[in-house]
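# model the structure of this input:
(chains A and B)
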There are 2 protein chains.
Amino acid sequence: MKTLTAQVITQEDLLKHWQGHRALTRRLIEVFPEKDFFEFSIGGMRPFAKLVDELLAIAVPGLKGIVTKQVEAFSEGEEKLIFKAQYLEKWDEATAEINKYWEQLSIEDFSENFNLFGQYEFPIIQNVLYFIDNEVHHRGQAYVYLRALNIEPPFFWER
Amino acid sequence: MKTLTAQVITQEDLLKHWQGHRALTRRLIEVFPEKDFFEFSIGGMRPFAKLVDELLAIAVPGLKGIVTKQVEAFSEGEEKLIFKAQYLEKWDEATAEINKYWEQLSIEDFSENFNLFGQYEFPIIQNVLYFIDNEVHHRGQAYVYLRALNIEPPFFWER
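Presented below is the predicted three-dimensional model:
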């Protein structure tokens, strides 16, 4: 639904904001050396590939659940990807799916509760902000991995 | 200004969201050992104290500039803090200042452009989202520092 009333953020701009972050995360995947993407870790944390598995398991499945009002359990990395190129392909597929599902949301939906993955019963706006924040959080960790590998990461404000 | 029209996110909830993230960052400051807060680093990155200097230099000065429409240059860490307790005190002062300035914003303001620190000419909503994202990004780095120090960080969803 379109409205002419002032919005703190419009639905369109929130999508742009999310996809801008996703574009930056994609650049980080590209910048990682193939081997380090799957293996490099600090302090017993997950390698970046595992973090990206999580991000992929949240974004489209989460948004799809919201739009279709189907509560499904969280499920991660059912399909084992072994090359960065496969991750980039999945990432781009997710980009298109997110755009598609987003169109099916109305402004009114954002304040409605949804039980995300059957575990997190919150207004949809909070679910969406969680998708974004969780990605920024884990990508911040990947920035440290890159620095530790002596690789210059992309600028944070590049989207 | 209050409105009864549906919002993707209300002004009040966006503040809660920001302050929730700030509460989590505060917990991370608390959890860091005193010495490591100022000295520990990976891959030549800034120690967490320096990252927090940046966060403090952005949040209140940025929001104050937006509300008062005064464009001032970015200026970081003019006052040298040498104890974690001083950072926590500054953090709490900033929390109250943010609440105070936030009240002076109207919904219409968020789509207006502001030249943040005389460098970033964007709609105010983008400035505010940048404050939050930049904090989540740097805090994600601090999570890696804690893990590398073998210290269990707070859960990401604790706010």
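# next up, the contacts around A:N127.
A:62, A:66, A:114, A:116, A:120 (Cβ atoms under 8 Å, 6 or more residues apart in numbering or on different chains). For the C-beta atoms, the positions are set from N, CA and C on the backbone; glycine is no exception.
# closest one of these to chain B?
Each of the contacts of A:N127 was scored against chain B by Cβ to the nearest Cβ, and A:Y120 proved nearest at 8.4 Å.
# do you know the pLDDT at the closest one?
We have a pLDDT of 91 for A:Y120.
# show me the beta-bridge partners of it.
A:L116 (DSSP bridges).
# what about it, how many neighbours?
Other residues lying near A:Y120 total 15 when counted by other Cβ atoms under 10 Å in any protein chain shown.
# can you pull out the low-pLDDT segments for chain A?
Within chain A, the set of residues satisfying pLDDT under 70 comprises A:1-4.
# in the contacts of A:N127, find the pair that's most separated.
Distances among the contacts of A:N127 were taken as Cβ to Cβ; the most separated pair is A:I66 and A:Y120, at 11.3 Å.
# how about the strands in chain A?
Taking DSSP state E as the test, the strands found in chain A are A:113-116, A:120-123.
# so which of these is the most packed in?
strand A:113-116 (a mean of 18; mean count of other Cβ atoms under 10 Å in any protein chain shown).
# got the contact list for that strand?
With contacts defined as Cβ under 8 Å, 6+ apart, strand A:113-116 is touched by A:62, A:65-66, A:69, A:71, A:121-124, A:127, A:130.
# closest one of those residues to B:D13?
Of all the contacts of strand A:113-116, the one sitting nearest B:D13 is A:P123; the distance, using Cβ to Cβ, is 8.1 Å.
# wait, doesn't that closest one sit right on A:E112?
Yes. Counting by Cβ atoms under 8 Å, a contact exists between A:P123 and A:E112, whose distance comes to 6.6 Å.
# now the end-to-end length of stretch A:26-41.
Using Cα to Cα, to the nearest Å, one end of stretch A:26-41 lies 19 Å from the other.
# may I see the buried residues of it?
Within stretch A:26-41, the residues scored as buried using 16 or more other Cβ atoms under 10 Å in any protein chain shown are A:26, A:28-29, A:32, A:36-38, A:40-41.
# the closest residue to A:E152 other than its chain neighbours: neighbour count?
Spatially, and ignoring its direct neighbours in sequence, A:E152 is nearest to A:L146 (7.5 Å; Cβ to Cβ, 6 or more residues apart in numbering or on different chains). Residue crowding around A:L146 was assessed by other Cβ under 10 Å; the count is 20.
# I'd say A:L146 and A:P154 touch.
No. Taking contacts as Cβ under 8 Å, A:L146 lies outside contact range of A:P154: 9.2 Å.
# okay, and the common contacts of these two?
By the contact definition Cβ under 8 Å, 6+ apart, A:L146 and A:P154 are jointly contacted by A:28, A:31.
# give me the longest helix you can find in chain A.
Scanning chain A for the longest helix, with DSSP state H as the assignment, gives helix A:124-148.
# ranges for the helices of chain A?
With DSSP H applied, chain A shows helices at A:11-31, A:34-39, A:48-68, A:84-102, A:124-148, listed in chain order.
# for these, which one ends up most surrounded?
Each of those was assessed for mean neighbour count using mean count of other Cβ under 10 Å. The highest is helix A:124-148, with a mean of 22.
# next, the angle from that one to helix A:11-31.
Computed with axes from the mean of the first three to the mean of the last three Cα atoms, to 10 degrees, the direction of helix A:124-148 lies at 20 degrees from that of helix A:11-31.
# from the chain's centroid, how far away is helix A:124-148?
Between the centre of helix A:124-148 and the centre of its chain there are 8 Å (Cα atoms, centre = their mean, to the nearest Å).
# do stretch A:113-122 as well
17 Å.
# in chain A, what residue is nearest chain B?
Nearest residue of chain A to chain B, counting by Cβ to the nearest Cβ: A:G140, 2.5 Å away.
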